[in-house]
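S.K.: Take a look and give me a structure for this.
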Amino acid sequence: MNQLTLNCDLGESFGAWRMGDDSAVMPFIDAANIACGFHAGDPSVIRATLQLAKTHRVEIGAHVSYPDLQGFGRRSMHLRGQALIDTLHYQMAALEGMARTQRLKVTYVKPHGALYNDMAKDIALRADVMRAVAAWHRPLDLVVLATPNDADTVELAVQYGLKLRFEAFADRSYGNNGLLLPRDQPGAVLTRDDAVAQALAIARGQLTSAKGRALNLQADTLCVHGDSAEAVAMVQAIRSAFKRHVD
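M.R.: The predicted model follows:
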């Protein structure tokens, strides 16, 4: 079975609005994708999330997004080229600056929501995101969706000199094309028990689509969404299942 790291989208509260239970999730994950203020999060939430990551020795990454706070970054936007690169650099700089005040280091970038899904289908947008990460003042890994055919993504990453981390999802169903089912489709978001089963299937290289088609994908890391009502129980159950079946 593949040794997958476990990551979670965190730091997504905003002002008086609380999203997820970061303090309960953090002890069970390897990496925290921290919202940078454009789809969720605010300066105080970023600081608190970084402190949690430091306490639990969890790796931190910049969870960058389209500028869509109202839509939680889940609405596609026609933002491309240098304008997108500037938007991503602004978010990366915010997280890195606050991390440095706590003597922490951001090690990777993971696009969020609609940006993440759009770049999985649009190679030109994927290239823009890679240009943004490659232009950063120091090397950062880029998290991308693992699919049955990653050759184009790998070739593009080589062109930009980037190290990729291929990601799969425990709590989301897959279509026959190897992409995530849109959230508005029935069964797109999995319950805890189904997510644990899917996590183990991914680790074993036995993932299937929602319609039962075998999906041959190789992942480095596994994500659970922190905004899910079952996120804490889900992360705990997946970590326990990995210890029993993978370690």
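
S.K.: can you give me the strands for this structure?
M.R.: 5-10, 31-35, 59-64, 106-111, 141-145, 164-169, 221-224 (DSSP state E).

S.K.: Measure how far stretch 158-170 is from the centre of its chain, please.
M.R.: Counting by C-alpha atoms, centre = their mean, to the nearest Å, stretch 158-170 is centred 11 Å from the centre of its parent chain.

S.K.: cool, stretch 209-225 as well?
M.R.: Relative to the chain's own centre, stretch 209-225 is displaced by 14 Å; criterion: C-alpha atoms, centre = their mean.

S.K.: now do stretch 152-172
M.R.: Centroid displacement of stretch 152-172 relative to its chain, using C-alpha atoms, centre = their mean, is 12 Å.

S.K.: Can you give me the end-to-end span of that stretch?
M.R.: Here the two ends of stretch 152-172 are set 24 Å apart, with distance taken as C-alpha to C-alpha, to the nearest Å.

S.K.: give me every residue that touches residue 217.
M.R.: Under the criterion of C-beta atoms under 8 Å, 6 or more residues apart in numbering, the contact list for residue 217 reads 146, 147, 148, 150, 166, 168, 178, 202, 207. Quick note: C-beta positions are derived from backbone N, CA and C, even for glycine.

S.K.: neighbours of the nearest residue to the fourth one once chain neighbours are set aside, just the number please.
M.R.: Put plainly, it is residue 150. In space, residue 150 comes closest to residue 166 once its chain neighbours are excluded; the distance is 6.6 Å by C-beta to C-beta, 6 or more residues apart in numbering. Residue 166 has 17 neighbouring residues, counting by other C-beta atoms under 10 Å.

S.K.: do residue 117 as well
M.R.: Per other C-beta under 10 Å, the neighbour tally for residue 117 reads 18.

S.K.: from what I can see it touches residue 180, true?
M.R.: Yes: with contacts counted by C-beta atoms under 8 Å, residue 117 reaches residue 180, the gap being 6.6 Å.

S.K.: hey, which helix or strand in this protein has the poorest pLDDT?
M.R.: Using mean pLDDT, DSSP states H and E, the weakest-scoring helix or strand in the chain turns out to be helix 231-245, at a mean of 91.

S.K.: helices and strands around that helix, which ones?
M.R.: Applying 3 or more C-beta pairs under 8 Å, 6 or more residues apart in numbering; DSSP states H and E, one finds that helix 231-245 contacts strand 5-10, helix 22-25, helix 192-203, strand 221-224.
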